[in-house]
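Student: from the sequence below, what's the structure:
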Amino acid sequence: MMHYSTNNFLKIMVMKLVKRFMMLFAAALIVNSVAAQEKTVSVGGAPMYPSKNIVQNAVNSKDHTTLVAAVKAAGLVETLQTPGPFTVFAPTNTAFNMLPAGTVETLLKPENKGTLTTVLTYHVVAGKLDSKELSRLIKEGNGKAQLKTVAGGTLWASMKGNKILLTDEKGGMATVIIKNVYQSNGVIHVIDHVVLPRS
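Tutor: Now for the predicted structure:
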């Protein structure tokens, strides 16, 4: 009888251990599947994770090395890692290369930090404006939405077909080529030209 109850006790203990292991295993699977299901957008050959902030994602994009260098030179890294939220219109390396020769090099010089900061923050709008919200604002503004930038200037958003266009204070235009790259502290829209404030 004693032998039987010892066997029963061992069986119960083994069953409890197996159950506990299975629960831990199931929990691990759920955590992994949630991470795997995180919806990413590929920018510059790298996935952009909604759980990461603007800077953490941008540094991985091969198409935005100039922008990242400029953000670092302007001392805006800490700002763009705060909760925000921010909407960033992010020019590609190609967009920066379209500026007159020597412009980027001049802006990156320490003595031009103020001008660089103004140019970069002209690409940032407070709040999380995805394409749906931008489209709503454009419709509300009878085809043109006026956006106040962090630099204090104005950008105008409009639609051409299903594309969002930006017009800057100098009359220059940029097209959103990748929209709704969600971040933990906002959203990035990749643009094909650098937008410039009125100097």
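Student: avg pLDDT for stretch 75-82?
Tutor: For stretch 75-82, mean pLDDT is 86.
Student: so where is this protein shaky, pLDDT-wise?
Tutor: By pLDDT under 70, the weakly predicted segments of the chain are 1-7, 9, 21, 24-38.
Student: what about the longest strand in it?
Tutor: Using DSSP state E, we find that the single longest strand of the chain is strand 173-183.
Student: what's next to that strand, contact-wise?
Tutor: 39, 41, 43, 48, 50, 52-54, 57, 89, 91-92, 95, 130-131, 160, 163-168, 187-195 (Cβ atoms under 8 Å, 6 or more residues apart in numbering). Every C-beta, even on glycine, is put in place using the N, C-alpha and C of the backbone.
Student: in that strand, what's buried?
Tutor: Buried residues in strand 173-183, counted by 16 or more other Cβ atoms under 10 Å: 173, 174, 176, 177, 178, 179, 181, 182, 183.
Student: do stretch 159-171 as well
Tutor: 159, 164, 165, 166, 167, 168, 169.
Student: got it, and stretch 67-86?
Tutor: In stretch 67-86, counting by 16+ other Cβ under 10 Å, buried: 67, 68, 70, 71, 73, 74, 76, 79, 80, 84, 85, 86.
Student: span of that stretch from start to end?
Tutor: End-to-end span of stretch 67-86 (Cα to Cα, to the nearest Å): 16 Å.
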